[in-house]
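Chemist: Make a model of this:
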Amino acid sequence: MEWIDREAGIRRAWEAQQQIPGRQWEEVSLAVRFGWEAAHRPEFRGKRWDQVRDDLRDHWTRREEASEEESWDVVADAVEFGWRQGGGA
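Modeler: Below is the predicted model of the structure:
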């Protein structure tokens, strides 16, 4: 399954749960997608969040487009939400 096929449903789930109060979907969608896609990567599949969190933080902070507004501390909850929506434990 591709992100494009799941994005609308994941967005509805995000908005219903308001994972990070005051953060709109547009502000977190990249982080949610990052977590969702990570849950489907072979090296992370079947692992718990606490087993992958540090690796995902490292991957997130190495991105070229990373900015201070998108620091790991700001987006970690959104990444975890995406991870769980992607089937991560």
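
Chemist: shaky segments in this protein?
Modeler: Applying pLDDT under 70 to the chain flags the ranges 18-21, 64-69, 89.

Chemist: at 80 what do you get?
Modeler: Counting by pLDDT under 80, the chain contains low-confidence residues at 1, 18-23, 63-70, 88-89.

Chemist: Quick check, central residue of it?
Modeler: The centroid of the chain falls nearest to residue 79 when counting by C-alpha atoms, centre = their mean (2.4 Å).

Chemist: Excluding chain neighbours, what is closest to that one?
Modeler: residue 35 (3.9 Å; C-beta to C-beta, 6 or more residues apart in numbering). All C-beta atoms are positioned from the backbone trio N, CA, C, and that covers glycine.

Chemist: show me where this protein has helices.
Modeler: For the chain, the helices defined by DSSP state H cover 3-17, 25-39, 49-61, 72-85.

Chemist: Hmm, residue 45 is touching residue 37, no?
Modeler: No: Residue 45 is not in contact with residue 37 according to C-beta atoms under 8 Å; the separation is 11.4 Å.
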